[in-house]
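Visitor: just the structure for this:
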Amino acid sequence: MEKGASQDDIKKAFRKLAHKYHPDKKGGDETRFKEIGEAYAVLGNVKKRAEYDTYGQTFNGGGPQGGGFGGFDFGGFQQGFGGQGVEFDLGDLFGDFFGGGRGRQQRGRDISIDIELDFKESIFGVEREVLLGKVGTCKTCGGTGAKPGTELVTCELCNGAGKIHETKQTMLGAFATTRICDRCHGKGKMPKAQCDDCLGQGVRKQEEEIKIAVPAGIENGEMIRMTGGGEAIAGGVPGDLYVKVHVQDDKRFKKEGHNLVMSLSIKLTDALLGGSYDIETLDGELKLKIPQGVTHGERLRVKGKGVPKRTGSRGDLFVQVDIMVPAKLSRAAKKAAQTLRDEGV
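Guide: Okay, the predicted model is just below:
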């Protein structure tokens, strides 16, 4: 690659070669893969690259360190391979070689489940209990991995530090890496006698009852995230539990923000003269007063019977009036209607 190549060109060439020689791919080469990483550690670093461009080598502690990157020529790869839709997390790719990823705490697998609520439960909120089969903290030892009644001792591999420091000699010099101890999983302590149920891991596959607090006013399709409710992992943190909520439709009510809307059919005479109707709300039955002269489609407001708010108050219930017009009239009804027409009603 030319000395004047941009950092973007270097990154693209690196990705191309890393993809080609990755050990997990067919035809991959772990040695070459490491050498690519070592080269990128220099070319991707502005200071080290300046040293290499000037002297053909880098300096570590005053001494020259390497020069040719294992015979790799980055030329010809400046176009990268972005068109193939491949992207790499550089920290994940070279974490094992340069300490960029192995020192990070591991995380358990996330879990996703679905629950179904009726309309009233979605309005007022509800607590649900579900039984999940997942990897969780061992109930016998409480996650220590030790047999009940026994003690924990200092890990001999890391001397209680929980981490292991390693130095690797490469053609570019010495690279120091830090990784979590494989034996104690970063705890620094080991069980003197292993738990019989989890075999010293502190986690195991088991059934666990999970309580899900569904908040008031939740919408259909919303997701509840329960941090740490996913699967546990030895020496790491649990993943998360994602709960997708499905709300059943209600024939009586529709939701408009924090308000509820329902329809009420009334007689023509009650629309003209006024009256009262018993209506069923989510809070129970109440008597609704129909004012004289109400019009078709008009909404009557019932305060505080809507969706609960975070402030502690509630939205309102709106009752939309549908005036029923009789298809047939008796002789007396026709006469009364004619009288109303004569009076201009």
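
Visitor: so residue 154 sits right up against residue 192, yeah?
Guide: No. Applying CB atoms under 8 Å, one finds residue 154 not in contact with residue 192, separated by 10.4 Å. For every residue, glycine as well, the C-beta is placed using N, CA and C.

Visitor: which residues of the stretch 51-200 of the chain score low on pLDDT?
Guide: 51-105, 170-173 (pLDDT under 70).

Visitor: quick one, strands of it?
Guide: Here the stretch 51-200 of the chain has its strands, by DSSP state E, counting those that start in this stretch, at 58-60, 63-65, 111-117, 126-137, 152-154, 163-170, 173-180, 189-191.

Visitor: of those strands, which is nearest residue 35?
Guide: Counting by CB to CB, residue 35 lies closest to strand 163-170 out of the strands of the stretch 51-200 of the chain; the figure is 8.3 Å.

Visitor: chain center to that closest one: distance?
Guide: 35 Å (CA atoms, centre = their mean, to the nearest Å).

Visitor: what residues does that strand touch?
Guide: 34, 38, 66, 97, 103, 157-158, 174-182, 186 (CB atoms under 8 Å, 6 or more residues apart in numbering).

Visitor: who does it pair up with?
Guide: strand 173-180 (antiparallel) (DSSP bridges).

Visitor: and for the residue nearest to residue 176 when sequence neighbours are not counted, the neighbour number?
Guide: Sequence neighbours aside, residue 167 is the residue nearest to residue 176 in space, at 5.2 Å (criterion: CB to CB, 6 or more residues apart in numbering). Neighbourhood size, residue 167 [other CB atoms under 10 Å]: 8.

Visitor: for residue 311, which three-state class applies?
Guide: coil (DSSP: H, G, I helix; E, B strand; the rest coil).

Visitor: how far away is it from residue 29?
Guide: Distance of residue 311 to residue 29, given as CB to CB, to the nearest Å: 63 Å.

Visitor: which one's more surrounded, the two?
Guide: residue 29 (14 against 6).

Visitor: what's that one in contact with, if anything?
Guide: Residue 29 sits in contact with 21, 23, where contact means CB under 8 Å, 6+ apart.

Visitor: can we see that at 10 Å?
Guide: 20-23, 35-36 (CB atoms under 10 Å, 6 or more residues apart in numbering).

Visitor: out of those residues, which is most surrounded?
Guide: That'd be residue 36 among those, by other CB under 10 Å, with 27 neighbours.

Visitor: residue 218 contacts residue 121, correct?
Guide: Yes. Assessed by CB atoms under 10 Å, residue 218 is found in contact with residue 121 at 8.9 Å.

Visitor: who touches both of the two?
Guide: With CB under 10 Å, 6+ apart, residue 218 and residue 121 have common neighbours 245, 247.

Visitor: domain ranges for this structure?
Guide: If you go by automatic domain parsing, the domain ranges for the chain are 7-94, 111-247, 254-342.

Visitor: part of a helix, is residue 272?
Guide: Yes. Counting by three-state DSSP, residue 272 is part of a helix.

Visitor: what's around it, how many residues?
Guide: For residue 272, using other CB under 10 Å, the count is 14.

Visitor: the one 4 residues further on too?
Guide: By other CB under 10 Å, 10 other residues sit near residue 276.

Visitor: equivalent analysis for the one 4 residues further on, please.
Guide: Around residue 280 there are 11 other residues, counting by other CB under 10 Å.

Visitor: would you check that it makes contact with residue 287?
Guide: No. Judged on CB under 10 Å, residue 280 makes no contact with residue 287 at a distance of 11.4 Å.
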